[in-house]
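In: Sequence plus the predicted model coming up.
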Number of protein chains: 2
Amino acid sequence: MSKIHDIKCLHCKQSSEIFASLDSDELERIEVCRVNMHYNAGEIIFKQGSPCYDFVCITTGLVKLFIEGDDDRRLIIGFAKPVDYIFVPGAYVDKRHHFTAVALEETTACLVEADIIQNLVKTNSQFANSFIRKISANSIGLYEQMSSLTHKQIPGRMSDTLIYLSTKVYNSNPFSSNLTRQDLAELSGMTKESAIRVLKTFKDDGIISANANQIEILNMPMLEAISRNG
Amino acid sequence: MSKIHDIKCLHCKQSSEIFASLDSDELERIEVCRVNMHYNAGEIIFKQGSPCYDFVCITTGLVKLFIEGDDDRRLIIGFAKPVDYIFVPGAYVDKRHHFTAVALEETTACLVEADIIQNLVKTNSQFANSFIRKISANSIGLYEQMSSLTHKQIPGRMSDTLIYLSTKVYNSNPFSSNLTRQDLAELSGMTKESAIRVLKTFKDDGIISANANQIEILNMPMLEAISRNG
DNA sequence: AATTTTTAATGATCTATATCATCACTCCAA
DNA sequence: TTGGAGTGATGATATAGATCATTAAAAATT
């Protein structure tokens, strides 16, 4: 991790909805105090339980967010990608991180003191509104994942995971990622072995193709049906 | 369900943190448009998937909130009690309810148009702050439940449920509730039969006592140990 | 008081999925 | 070139927990 040279906040204002409501003066306030960071694949950006001082905004790369349980079970609860900040619920509550963020690939991020953002929420009602909208969408996503994890069994959960990755994370159909089978398993609340096995049945049934790190959904209606039937 | 006569908003301002930052003028704005409702035990306050127009604030009674999956599996994701409003994430996103709210006992609630609250968020930064804090705490709770549901097995999950009920919902140790075994199961992500069985082993081991609708945690350290060990 | 409905309790069985063990393959470092 | 170290793939086995079936008890309704 090292501080690197980078472009202005204005660029982020253009790419990310959440910053659209900020004027140049407000952007300047962020500009002066932000720290640009670089992370290699696999590096921890912040860890569950640690104190949270900063808002993290991903400018390039991809980050996975996961909850760590006792022993070493993990549950991936989402991803952060350019250009969006990671909503850290502890920032307003106990100043602790409640999940861990790890770079999946080479990633750059801006760190901004939590106070600055919280001040913008107070002074710019438009920004506060987008902020709450973002948190709300986040919550809705959590409800959906919870529902999938607790109500469905393995094929249904893996379907949800694949659909989620294709439509929400990579936004393309043959999508290539460097997610391992272990990652897919942690997204779907199952073991690596189970993940490998369902993926194989999906392949055998011509629902998906999966070579190396590229996955293609060949039969989306079928996948959706499996998701629906749990 | 019927509209009934009731006390002023000022009372709620006194009891609930979230309304503390509102001045008399703002309370008046709420006062004039709110509708007071009465629900009998078992009645639906709002249902998953239905459009959401109003913020719901519970003034007396107790409400359970749950996600409905396909078939008729449910997952209880929390409770609402006096005096607090139910955070409805759809209000800022898709104007839909993402979970169902049902009165567990005789309950009264105030309904306030979502617009009014959203306006208060815009005009009163102190209120916006408490609002975000509340949502954040909500998210943290969701992460904790998710972690419990996906990482722990039955005894651990039931321990979490009992500890949660005693410390967060009823705030007393021998607590009496009209939650059924089915409800306890839906809180813990298991079947009714499994819930009955763990509760029996807990009773046999002297960890809890459970008669009729009263449950007492007799050995909290042991229950916490079970929770920790999954 | 009688009857129907809901809830609780418990045993028997089944199955989805975890666990364990092994092997092949790739990639990187020594 | 040779070993790890990480990942993927598969089979064998074990088991936690669901499902099914039944009875008992309590609550609600007639």
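Out: Yep, that arrived.
In: so what's the residue nearest to the spatial centre of chain A closest to, chain neighbours aside?
Out: By Cα atoms, centre = their mean, chain A has its centre lying nearest to A:F79, at 1.3 Å. Once flanking residues are discounted, A:F79 sits nearest to A:V169: 5.1 Å by Cβ to Cβ, 6 or more residues apart in numbering or on different chains. C-betas here are computed from N, CA, C, even on glycine.
In: check contacts around the residue nearest to the centre of chain A.
Out: Residues in contact with A:F79 (Cβ atoms under 8 Å, 6 or more residues apart in numbering or on different chains) are A:L62, A:V63, A:K64, A:L65, A:L104, A:V169.
In: A:E68 now?
Out: Shown in contact with A:E68 (Cβ under 8 Å, 6+ apart): A:Q48, A:R74, A:F99, A:T100.
In: just A:Q182 next, same as before
Out: A:Q182 is in contact with A:K192, A:A195, counting by Cβ under 8 Å, 6+ apart.
In: nearest to A:Q214, of the contacts of A:F79?
Out: A:V169 (14.3 Å; Cβ to Cβ).
In: Now do the closest one: how many residues are near it, please.
Out: Neighbourhood size, A:V169 [other Cβ atoms under 10 Å in any protein chain shown]: 18.
In: separation between it and B:I215?
Out: Remark: distance between A:V169 and B:I215 (Cβ to Cβ, to the nearest Å) = 42 Å.
In: Kindly indicate whether A:I163 is helix, strand or coil.
Out: helix (DSSP: H, G, I helix; E, B strand; the rest coil).
In: ok, now how distant is it from A:V169?
Out: According to Cβ to Cβ, A:I163 and A:V169 sit 10 Å apart.
In: Equivalent analysis for A:G230, please.
Out: A:G230 sits 22 Å away from A:V169, going by Cβ to Cβ.
In: same thing with A:V32?
Out: 32 Å.
In: need the residues of chain A near DNA strand C, please.
Out: Residues of chain A lying close to DNA strand C by Cβ under 7 Å from any atom of the strand are A:Q153, A:I154, A:P155, A:G189, A:M190, A:T191, A:E193, A:S194.
In: Just the residues you listed: which are in helices?
Out: Those of these mapping onto helices are A:I154, A:P155, A:E193, A:S194, per DSSP state H.
In: what about the residue nearest to the centre of chain A, which SS state?
Out: Under three-state DSSP, A:F79 comes out as strand.
In: how many neighbours does A:A109 have?
Out: For A:A109, using other Cβ under 10 Å, the count is 28.
In: and what of the one 4 residues further on?
Out: A:E113 is surrounded by 15 other residues when neighbours are defined as other Cβ under 10 Å.
In: ok, the nearest residue in space to A:I135 that is not next to it in sequence - contacts?
Out: Taking Cβ to Cβ, 6+ apart, and ignoring the residues beside it in sequence, A:I135 has B:I135 as its nearest neighbour in space, at 5.2 Å. For B:I135, the contact set (Cβ under 8 Å, 6+ apart) comprises A:P89, A:I132, A:I135, A:S136, A:S139, B:F87, B:P89.
In: need those residues in TSV with distance to A:L10, can you?
Out: Listed next are the contacts of B:I135 as TSV, based on distance: Cβ to Cβ, whole Å:
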residue	distance to A:L10
A:P89	28
A:I132	24
A:I135	25
A:S136	27
A:S139	30
B:F87	34
B:P89	31
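In: In helices only, show me those.
Out: Reading helices off these with DSSP H, I get A:I132, A:I135, A:S136, A:S139.
In: which pair in those residues spans the largest distance?
Out: Within the ones in helices among the contacts of B:I135, A:I132 and A:S139 form the most distant pair, 10.4 Å apart (Cβ to Cβ).
In: now do the same end-to-end measure for stretch A:31-41.
Out: One end of stretch A:31-41 to the other measures 26 Å (Cα to Cα, to the nearest Å).
In: Compile the contacts of A:F79 into JSON lines and extend it with columns for secondary structure and pLDDT.
Out: Below are those laid out as JSON lines (DSSP: H, G, I helix; E, B strand; the rest coil; pLDDT from 0 to 100):
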{"residue": "A:L62", "secondary structure": "coil", "pLDDT": "95"}
{"residue": "A:V63", "secondary structure": "strand", "pLDDT": "96"}
{"residue": "A:K64", "secondary structure": "strand", "pLDDT": "96"}
{"residue": "A:L65", "secondary structure": "strand", "pLDDT": "97"}
{"residue": "A:L104", "secondary structure": "coil", "pLDDT": "94"}
{"residue": "A:V169", "secondary structure": "helix", "pLDDT": "95"}
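In: re earlier: for the residue nearest to A:I135, report the pLDDT, please.
Out: Note on B:I135: pLDDT of 93.
In: Just read off the phi/psi values of A:N211.
Out: Per-residue torsions, A:N211: phi -120, psi 140 (degrees, to the nearest 10).
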